[in-house]
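Colleague: quick one, what's the 3D model for this:
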Amino acid sequence: MEKLIRLITVQDVSDFVKTVSEKCKHTVLAKQGVYTVNASSILGMYSLDLMKYFTIEADPEDAKNFQKWEIIMHED
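Modeller: Here you go, the predicted structure:
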């Protein structure tokens, strides 16, 4: 399952990585452009341009943990 995610503060990044590490049973990938990193890696996450959103690829069971940071795109 893919979701759009936006992290705004340094604390958001820390909380996001902690959530992935502690609550997810499967690998979660963060994708932005041509880059793909393991979302449980703080260094990997900081290698992304956090001024922009990114996509996560996660198991549907794990994806429920990211509602706090999810961007909902509305179609007009």
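Colleague: going by C-alpha atoms from here, please, whenever you check contacts or count neighbours.
Modeller: Noted.
Colleague: so where's the protein uncertain?
Modeller: 74-76 (pLDDT under 70).
Colleague: ok, and the closest non-adjacent residue to the residue positioned nearest the centre of the chain?
Modeller: Central residue of the chain (CA atoms, centre = their mean): Ile56, 4.8 Å from the mean position. Leaving aside its chain neighbours, Ile56 sits nearest to Ala30 (4.4 Å; criterion: CA to CA, 6 or more residues apart in numbering).
Colleague: SS state for that neighbour?
Modeller: strand (DSSP: H, G, I helix; E, B strand; the rest coil).
Colleague: if I look at it, how far off is Lys52?
Modeller: In this view, Ala30 and Lys52 are 12 Å apart by CA to CA, to the nearest Å.
Colleague: buried set for stretch 62-76?
Modeller: Asp62, Ala63, Phe66, Trp69, Glu70, Ile71 (16 or more other CA atoms under 10 Å).
Colleague: can you map out the strands along the protein?
Modeller: 2-5, 29-32, 35-38, 54-57 (DSSP state E).
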